[in-house]
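In: coords below, sequence missing:
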């Protein structure tokens with residue numbers, strides 16, 4: 001069984017380069033769907049609110065391949081990011097794909113994994129934490145489900161571009177600081193509950209880090225963003241591998 005982990009594609013259009021890359025990867029998984037697990041760790045699409053049909057129509061070819069995987073026997077898990085908002089009404093209720101809001105632990109191939117989008121890696125980003133708290137309010141969720149999906153598509157496209165530019169600029173200017181935050185976060189979370197591997201995203205900086213804590217070697221991987229390079233993490237028979245999808249499947 002192969003387990004695959006993807007984060008922060010920020011897909012705007014299925015016809016752009018990363019859309020084609022993602023589609024090619026999903027075609028590969030669909031050749032033998034029962035041999036794979038797929039973990040989507042948030043911000044897969046540049047914006048998605050509720051079960052809005054405007055988003056469904058825009059990303060249909062990608063959605064169809066993910067749903068096809070699920071129906072054919074692939075385990076699929078979707079972690080909400082900050083660009084995926086209240087999406088369980090679509091993915092879970094329609095297709096029984098679990099949507100996960102916070103960190104969750106999995107045991108795969110004898111490895112204990114902590115998986116999450118990575119929202120809390122930077123504790124001093126007060127504006128982001130306020131935003132996250134705001135969108136989780138019940139009244140915000142109510143409007144997410146009841147206002148027109150075309151309104152949400154217009155609004156999220158308008159502001160996601162600004163958010164993406166801000167995040168990319170911050171990542172480029174503060175890469176060393178961000179890497180330190182990612183690693184410190186991994187070490188702190190290990191002290192709360194032990195794991196072998198923590199996989200995160202959100203920070204738009206790729207980092208692959210190993211450290212020995214209390215005699216136990218742990219690994220932290222932040223998957224970065226496909227805006228920089230389309231990469232996935234694969235686990236098979238306890239082997240952890242980072243794969244560059246620009247060269248996939250010829251790796």
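Out: Received, thanks. All values derive from a computational prediction rather than experimental measurement.

In: which residues of this protein score low on pLDDT?
Out: Applying pLDDT under 70 to the chain picks out residues 143, 152, 155, 158, 160-168, 170-172, 249-251.

In: can you give me the helices for it?
Out: 17-31, 53-58, 60-71, 88-95, 126-135, 138-146, 149-173, 175-192 (DSSP state H).

In: show me what contacts the residue nearest to residue 88 when sequence neighbours are not counted?
Out: Nearest non-adjacent residue to residue 88, counting by C-beta to C-beta, 6 or more residues apart in numbering: residue 99, 3.9 Å away. Bear in mind the C-beta positions are built from the backbone N, C-alpha and C, glycine included. By C-beta atoms under 8 Å, 6 or more residues apart in numbering, residue 99 lies in contact with 78, 79, 80, 87, 88, 91, 92.

In: between the helices of the chain, which one is nearest to residue 239?
Out: Proximity to residue 239, assessed across these by C-beta to C-beta, is greatest for helix 17-31 (18.0 Å).

In: about what we covered before: would you turn the helices of the chain into TSV with mean neighbour count and distance to residue 200?
Out: Listed next are the helices of the chain as TSV, based on neighbours: other C-beta atoms under 10 Å; distance: least, C-beta to C-beta, whole Å:
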stretch	mean neighbour count	distance to residue 200
helix 17-31	16	20
helix 53-58	17	25
helix 60-71	16	21
helix 88-95	16	21
helix 126-135	12	14
helix 138-146	12	24
helix 149-173	15	14
helix 175-192	16	7
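
In: could I get the ones you listed as a markdown table with distance to residue 245?
Out: Converted to a markdown table, the helices of the chain look like this (distance: least, C-beta to C-beta, whole Å):
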| stretch | distance to residue 245 |
| --- | --- |
| helix 17-31 | 5 |
| helix 53-58 | 22 |
| helix 60-71 | 14 |
| helix 88-95 | 22 |
| helix 126-135 | 28 |
| helix 138-146 | 31 |
| helix 149-173 | 19 |
| helix 175-192 | 21 |
